[in-house]
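Trainee: from the sequence below, what's the structure:
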Amino acid sequence: VLVDTRRLADCFPAVDYFENSGLPFVIALNGFDGHQPYTPDEVREALQIGPDAPIIITDARHRSEAKSALITLVEHALMARLR
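Mentor: Okay, the predicted model is just below:
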């Protein structure tokens, strides 16, 4: 779930969907030029998600960071499958 912390409420439906479906998901905090006003722990608390969902900081405008976010998602999904 790509999260813009300036519009946090917009991601609640996506988070709810993944939590209710039982599908593994990752929260990707989309920062612009390294600026992130909230820590991952603050966002975790605001979204009321458990510790199982990884939270990463990324800038989706940069191909390498978007690629890294997708790799994190795939790794998380594979690890969830093994549990």
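Trainee: select the longest helix from this structure.
Mentor: helix 63-82 (DSSP state H).
Trainee: pull the CA atoms of it into CSV?
Mentor: Once non-C-alpha atoms are left out, helix 63-82 reads as follows in CSV (Å, rounded to 0.1, in the frame of the first residue of the first chain):
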residue,chain,number,x,y,z
ARG,A,63,12.7,3.5,-10.2
SER,A,64,15.3,1.9,-7.9
GLU,A,65,13.3,2.7,-4.8
ALA,A,66,10.0,1.4,-6.4
LYS,A,67,11.9,-1.8,-7.4
SER,A,68,13.1,-2.2,-3.8
ALA,A,69,9.6,-1.7,-2.5
LEU,A,70,8.3,-4.5,-4.8
ILE,A,71,11.2,-6.8,-3.8
THR,A,72,10.3,-6.2,-0.1
LEU,A,73,6.6,-7.1,-0.9
VAL,A,74,7.6,-10.3,-2.7
GLU,A,75,10.0,-11.3,0.1
HIS,A,76,7.3,-10.6,2.7
ALA,A,77,4.7,-12.6,0.8
LEU,A,78,7.1,-15.6,0.4
MET,A,79,8.0,-15.5,4.2
ALA,A,80,4.3,-15.4,5.1
ARG,A,81,3.6,-18.4,2.9
LEU,A,82,6.3,-20.4,4.7
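Trainee: got a list of contacts for it?
Mentor: With contact meaning CB atoms under 8 Å, 6 or more residues apart in numbering, helix 63-82 is reached by 2, 24, 25, 26, 28, 52, 53, 54, 56, 58, 59, 60. C-beta: built from backbone N, CA, C; applies to glycine.
Trainee: one more: stretch 15-22?
Mentor: Contact partners of stretch 15-22, identified using CB under 8 Å, 6+ apart, comprise 1, 24, 25, 27, 47, 49.
Trainee: go again with 6 Å.
Mentor: For stretch 15-22, contacts defined as CB atoms under 6 Å, 6 or more residues apart in numbering pick out 1, 25, 47.
Trainee: give the closest residue to the second one in space, chain neighbours not counted.
Mentor: Distance criterion CB to CB, 6 or more residues apart in numbering; nearest residue to residue 25, sequence neighbours excluded, is residue 18 at 4.0 Å.
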